[in-house]
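Undergrad: quick one: sequence plus predicted model below, questions after.
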Amino acid sequence: MRILHTSDWHLGRSFHREDMLGHQAVFVDHLLAVVESEAVDLVVVAGDVYDRALPPVDAVRLADETLRRLAASRARVVVSSGNHDSARRLGFGAGLIDTAGVHLRTDPDGVGTPVLLADEHGPVAVHAVPYLDPQSVADRWGLGERTHAATLAEAARRVRADLEARRTGGSPARSVVLAHAFVAGGAPSDSERDISVGGVSRVPTSTFDGVDYVALGHLHGQQVLSDRVRYSGSPLAYSFSESAHRKGSWLVDLGADGFAGATFVAAPVPRPLARLRGRLDDLLDDPALSVHEDAWVEVTLTDEGRPPAAMDRLRRRFPHTLLLAFASTGPALGAMPADVRTRSDLDLAVEFLGRLRGRDAEPYERDLLGRAVDACCDDRDLGREHAAEPARVPGEGHVTVGTR
């Protein structure tokens, strides 16, 4: 049996306010193409189909289209819910959808009851374990502690009990388990939601001992914890911490004796990510950085001061710059001036700006600050000085700040 292991689609998620739905649709097209080109028998989705419990209408539409296309493909499909999904909403109509060859497993009480498939070597039991919230499942299952380790250990016990019953009944089955969890040995990125409870979130890989293949979801980087225990990772990067990730799915083969190998199938990258660091002028002039001009970019500037209009200048070369940070915090501001109560608001604002940047304010900057102060503060000595003349910013036309 050939299995395509994917997870963490997060349909409806944005990337620093940039819409990702079109990119997610590109991945769906790729997924369906792999099913056909690689003769996939089973697609498993290990949780986080959606990015939130109440997904946007367009995300629901894409999920519906994806499941319909998969149902019409050569593959059977097993989907479990993740911590971002609403188990009830994702699992709605699961009984009816089963008849189409798409099996949605979101109810903790169904753990231990597999989707049964078969190939030329015999039966395969696919146990889909939804995300198990310890706070709600511990009492429901009568567990002594509310931890991820305890809930997943109980889930694994139920899975093994089913597999043992099949062996003793004379119908042994090879086993596949889907689980949405933080398993020890995995490395997180910045885009996963914390699922720790009482500081305990990791579960040991030994929890899944005896299973032929474990398809993990939750962590967004593809990772191999052992030959038989793997994260597929998310199909797209959802934070700049994932800029070096290789995104895609695992193509897994089950032979007569169980796990027979796995190959990573890279997904398309509609728009790459880049993290740039350096002085502003160097970043704007370096010809080697032309490869990043169509990427989503995060920039950290190392200039001693904060260059004026830095984001605008960066976006002229890198139009998809989304984040801008400064490595230098600037000079120490020092103590508050002793004469603060006897000085005008404008003088204090100009002095603060100078201390923050390590240089005096330009005349046009002082003028803008004066108008801003006069517009929002009761500072009568400035009202006459800054009547209504617009301040001219070099190279940027006129900027007018309202007056009282």
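TA: Perfect, I can see it now. Numbering: from 1, shown residues only.

Undergrad: so where do the strands sit in the stretch 251-400 of the chain?
TA: Ranges of strands within the stretch 251-400 of the chain are 258-266, 273-278, 296-301, 321-326, 391-392, 398-399, based on DSSP state E, counting those that start in this stretch.

Undergrad: and the longest one, which strands flank it?
TA: Sheet neighbours of strand 258-266, with direction, are listed as strand 248-255 (antiparallel) (DSSP bridges).

Undergrad: show me the contact partners of the partner strand.
TA: Contacts with strand 248-255, where a contact means Cβ atoms under 8 Å, 6 or more residues apart in numbering, come from 1-6, 31, 34, 38, 40, 119, 121, 124, 174, 176, 212-213, 215, 222, 230, 232-233, 235, 259-267. For the C-beta atoms, the positions are set from N, CA and C on the backbone; glycine is no exception.

Undergrad: and these, which of them are buried?
TA: 1-6, 31, 34, 40, 124, 174, 176, 212-213, 215, 222, 230, 232-233, 235, 259, 262, 264-265, 267 (16 or more other Cβ atoms under 10 Å).

Undergrad: the strands of the stretch 251-400 of the chain: which one's closest to Thr106?
TA: Proximity to Thr106 (Cβ to Cβ) singles out strand 258-266 among those, at 26.0 Å.

Undergrad: can you count the residues close to Val137?
TA: By other Cβ atoms under 10 Å, the residues close to Val137 number 22.

Undergrad: pretty sure it contacts Leu143?
TA: Yes: judged on Cβ atoms under 8 Å, Val137 makes contact with Leu143 at a distance of 7.4 Å.

Undergrad: joint contacts of these two?
TA: With Cβ under 8 Å, 6+ apart as the test, Val137 and Leu143 both reach Thr151.

Undergrad: quick revisit: strands - which of the contacts of strand 248-255 land there?
TA: Taking DSSP state E, the ones among these that sit in strands are 2-6, 119, 124, 174, 176, 213, 215, 230, 259-266.

Undergrad: quick one: low-confidence parts of the stretch 51-200 of the chain?
TA: Along the stretch 51-200 of the chain, the model assigns pLDDT under 70 to residues 193-200.

Undergrad: quick one: the strands in the stretch 1-150 of the chain?
TA: Under DSSP E, counting those that start in this stretch, the stretch 1-150 of the chain gives strands at 2-6, 14-15, 18-19, 42-46, 76-80, 102-105, 115-119, 122-129.

Undergrad: closest one to Arg89 among those?
TA: strand 102-105 (10.5 Å).

Undergrad: that closest one: partners in the sheet, and parallel or antiparallel?
TA: Going by DSSP bridges, the partners of strand 102-105 are strand 76-80 (parallel).

Undergrad: flag every buried residue along stretch 125-141.
TA: Here stretch 125-141 shows 125-134, 137-138, 141 as buried, counting by 16+ other Cβ under 10 Å.

Undergrad: gap between Arg202 and Ala87?
TA: Per Cβ to Cβ, to the nearest Å, Arg202 is found 22 Å from Ala87.

Undergrad: so which of these two has more stuff around it?
TA: Per other Cβ under 10 Å, whichever of Arg202 and Ala87 has more neighbours is Ala87, with 20 against 16.

Undergrad: ok, and the closest non-adjacent residue to the more buried one?
TA: Thr106 (3.9 Å; Cβ to Cβ, 6 or more residues apart in numbering).

Undergrad: wait, that neighbour sits on Gly95?
TA: No: judged on Cβ under 8 Å, Thr106 makes no contact with Gly95 at a distance of 11.9 Å.

Undergrad: that older thread, now the strands of the stretch 251-400 of the chain in CSV, with distance to Arg357 and mean pLDDT?
TA: Shown next, in CSV, are those (distance: least, Cβ to Cβ, whole Å; pLDDT from 0 to 100):
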stretch, distance to Arg357, mean pLDDT
strand 258-266, 45, 98
strand 273-278, 19, 97
strand 296-301, 13, 98
strand 321-326, 11, 96
strand 391-392, 18, 54
strand 398-399, 19, 46
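
Undergrad: pick the most deeply packed of the ones you listed.
TA: Neighbour counts (mean count of other Cβ atoms under 10 Å) averaged over each of the strands of the stretch 251-400 of the chain peak at strand 296-301, with a mean of 21.

Undergrad: what's that strand in contact with?
TA: Residues contacting strand 296-301 (Cβ under 8 Å, 6+ apart): 15-16, 18, 240, 243, 271-280, 283, 307, 310, 314, 318, 320-328.

Undergrad: so what strands line up beside that strand?
TA: strand 273-278 (parallel), strand 321-326 (parallel).

Undergrad: possible to save these as JSON lines with distance to Asp367?
TA: Output for these, formatted as JSON lines (distance: least, Cβ to Cβ, whole Å):
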{"stretch": "strand 273-278", "distance to Asp367": "32"}
{"stretch": "strand 321-326", "distance to Asp367": "25"}
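
Undergrad: so which of those is nearest Ala75?
TA: That would be strand 273-278 among the strands paired with strand 296-301, by Cβ to Cβ, at 30.3 Å.
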